[in-house]
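# okay, sequence plus prediction incoming.
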Amino acid sequence: MSKHTVTKRRIRDAYFVQNTTTLSLCDIYDGDTPMTLATHYNAQAQRLMPHHAQSLEVDPSINDAGQIDEIVFRRGEYLGGMAAVLLALITDSK
């Protein structure tokens, strides 16, 4: 099984956005670029907290949990707490 196949399978199985008005990562993922932590984080935020997804969203090129936490925490302590929970869930799922 190639790396490309494994990556697409993970996206299909774990990262689908359930909101039908939003594109899933399968719709926007080109298959050549490795998925960053921020891309995974944004997808989880959309899936688990769709009403806060815009407030929690970060630049998809970020690949450092500390940066994501710092960016979102600057927007507010409440959002920073949610970001910390999302990052913990992502870490636990690996």
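Perfect, thanks for sending it.

# for the nearest residue to residue 61 once chain neighbours are set aside, what are phi and psi?
In space, residue 61 comes closest to residue 36 once its chain neighbours are excluded; the distance is 6.2 Å by CB to CB, 6 or more residues apart in numbering. The way it works is simple: take the backbone N, C-alpha and C, and place the C-beta from them, glycine included. Dihedral pair for residue 36: phi -80, psi 170, per degrees, to the nearest 10.

# so residue 36 makes contact with residue 62?
Yes. Using CB atoms under 8 Å, residue 36 is in contact with residue 62, at 6.4 Å.

# before we move on, the earlier item: what about the residue nearest to residue 61, distance to residue 44?
13 Å (CB to CB, to the nearest Å).

# cool, residue 67 as well?
Residue 67 is 16 Å from residue 44, where distance means CB to CB.

# of those two, which one has the most company?
residue 44 (21 against 14; other CB atoms under 10 Å).

# top helix in the chain by residue count?
Secondary structure of the chain per DSSP state H: the longest helix is helix 77-93.

# Provide the backbone phi and psi angles at residue 63.
Given degrees, to the nearest 10, the pair of backbone angles that residue 63 has is phi -130, psi 30.

# do the one 10 residues further on as well
Listed backbone geometry of residue 73 is phi -60, psi -30, with angles given as degrees, to the nearest 10.

# what's the closest non-adjacent residue to it?
residue 80 is the one closest to residue 73 (CB to CB, 6+ apart), at 3.1 Å.

# pLDDT wise, what is that neighbour at?
On the pLDDT scale, residue 80 is placed at 94.

# so it makes contact with residue 72?
Yes. Taking CB under 8 Å as the definition, residue 80 is a contact partner of residue 72 at 5.3 Å.

# quick one, which of these two is more surrounded?
Comparing residue 80 with residue 72 by other CB under 10 Å, the one with more neighbours is residue 72, at 24 against 18.

# now the spatially closest residue to residue 75 that is not a sequence neighbour: which helix or strand?
Spatial nearest neighbour of residue 75, excluding adjacent residues (CB to CB, 6+ apart): residue 55 at 6.5 Å. For residue 55, the host element (DSSP states H and E) is helix 53-56.
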